[in-house]
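1. Kindly generate the corresponding structure for this input.
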Amino acid sequence: MTKARFKVVFAGPLVSFQDQGRFGHLRFGVSTSGPMDRFAHRAAHALVGNSNAGSAIEVSLGGLILECVAGEAMLTVAGGGFSVQCGATNTNGWTTQIIRRGEKLTLRAGEWGSWCYIAFAGQLTLDKWLGSTSTHSMSGFGAGKLTAGVEFEVQNSEVFNSRCGDTLCPNAARTTDKVRMIVGPQDQYFNLEAVKYFCSKPFELTDAFDRMGVRLSGPKLLLKDALSIPSEPIVRGSVQISGDGVPTVLLADHQTTGGYPKIATVLSVDVDRLAQMRSGDTFRFIPVSAEDAIAAVRKHYSTCEAILDDLAAPKATLAEKLQSLNLIDGIVSAID
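-> Have a look, this model is predicted:
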């Protein structure tokens, strides 16, 4: 086990270090942050054999170029279908590759997805804030954003050839055109027609999209009367409606309280899939009951845990593949 050092050659906007998130501080006005796509973040760590709680690099559509300036490391790219060039290898995420001194890793937006994650086999040496490396995009608190010239190290870097290669992206990690949600908690303040439209009409993601949330384009959702409600706690997935009737879905770096009425709350298992969509993508909100939401979340996490266990298993070595084959098929007698 050694250490590897990397230098950022180029980084698009909102490229940052993220672990699973900063929990227990909402009452102080501190967002949880963490990855926009929590499953892809965990999958990247699983593919290199790490604990799911470790730190990784979150890459936006703007892309990223890293240069390995010392040592070597094994890394995985998982999340959206980004274009990946690692040394002389050109492929697409999801992939596990070895990068050596003098080689570069280049990530560019591919066919789908808005976020991908780079996890290293080893530990990133990063500063923590309130016990977490997760970077809050508005304040910069945490391990920080990646910009050109920034350098970082991977301690206890390990390389396993048996883990290298491409992996098929699981269906559970792909985007969807149906986003499940529970209506409320302030749906009673909207016109019946507005609630009906919200539950049946298509919405489109706009380019007003960052780690705090995304504004949607669709039917105007108007209140019955002018309404001013006290600010109250809000969560990732809250769908709040501004005074112009435009909905915004709150994401990883959402504010901790808000005074806009919330017409619905997106199921946690669909928030990350929505976050992977791009400006111009369309979908419909699907209302479900609280009981069905609980069942859906339990089923989803059970499925994801099974997928993560499978991803964490090393690929077979050449010797193992040869041993699993019948290389003398067709031979029945040495005499004949």
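
2. Which parts of this structure belong to which domain?
-> 2-171, 175-288 (automatic domain parsing).

3. Which one of these lies nearest to residue 308?
-> domain 2-171 (4.7 Å; CB to CB). (C-beta placed from N, C-alpha, C; glycine too.)

4. Pick out the residue nearest the middle of the chain.
-> Centroid-nearest residue in the chain: residue 37, 1.9 Å away (criterion: CA atoms, centre = their mean).

5. Work out for me the element the closest residue to residue 279 other than its chain neighbours sits within.
-> Distances taken as CB to CB, 6 or more residues apart in numbering place residue 207 nearest to residue 279, at 4.3 Å, with adjacent residues excluded. Using DSSP states H and E, the secondary-structure element containing residue 207 is strand 202-209.

6. next one: that strand to chain centre, how far?
-> Chain-centre distance of strand 202-209: 18 Å, with CA atoms, centre = their mean, to the nearest Å.

7. start at 494 instead
-> Yep, numbering from 494; the last one is strand 695-702 now.

8. Name the residues of it that are buried.
-> Within strand 695-702, the residues that count as buried by 16 or more other CB atoms under 10 Å are 696, 698, 702.

9. Identify the bridge partners of residue 571.
-> residue 610 (DSSP bridges).

10. who's in contact with it?
-> 533-534, 536-537, 540, 586-587, 609-610, 612, 660, 662, 666 (CB atoms under 8 Å, 6 or more residues apart in numbering).

11. What is the burial count for residue 768?
-> Around residue 768 there are 27 other residues, counting by other CB atoms under 10 Å.

12. actually residue 508, sorry about that
-> 23.

13. Any chance of TSV for the buried residues of strand 695-702, columns distance to residue 575 and pLDDT?
-> Compiled in TSV, the buried residues of strand 695-702 are given as follows (distance: CB to CB, whole Å; pLDDT from 0 to 100):
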residue	distance to residue 575	pLDDT
696	25	98
698	18	98
702	17	96
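
14. pretty sure residue 498 is touching residue 643, no?
-> No - the pair residue 498 and residue 643 does not pass the contact test of CB atoms under 8 Å, sitting 11.5 Å apart.

15. how about the helices of this protein, start to end?
-> 531-540, 685-693, 761-768, 783-805, 811-816 (DSSP state H).

16. any idea of the angle the first one forms with helix 761-768?
-> Looking back up the chat, that one is helix 531-540. Using axes from the mean of the first three to the mean of the last three CA atoms, to 10 degrees, the direction of helix 531-540 lies 90 degrees away from that of helix 761-768.

17. where's helix 531-540 relative to the chain centroid, distance-wise?
-> Distance, centroid of helix 531-540 to centroid of chain: 8 Å (CA atoms, centre = their mean).

18. Point out the other helices and strands that it packs with.
-> Here helix 531-540 touches strand 549-552, strand 565-572, strand 609-613, helix 761-768, helix 783-805, going by 3 or more CB pairs under 8 Å, 6 or more residues apart in numbering; DSSP states H and E.

19. Mind doing that once more with 6 Å?
-> With contacts defined as 3 or more CB pairs under 6 Å, 6 or more residues apart in numbering; DSSP states H and E, helix 531-540 has these neighbours: strand 565-572, strand 609-613, helix 783-805.
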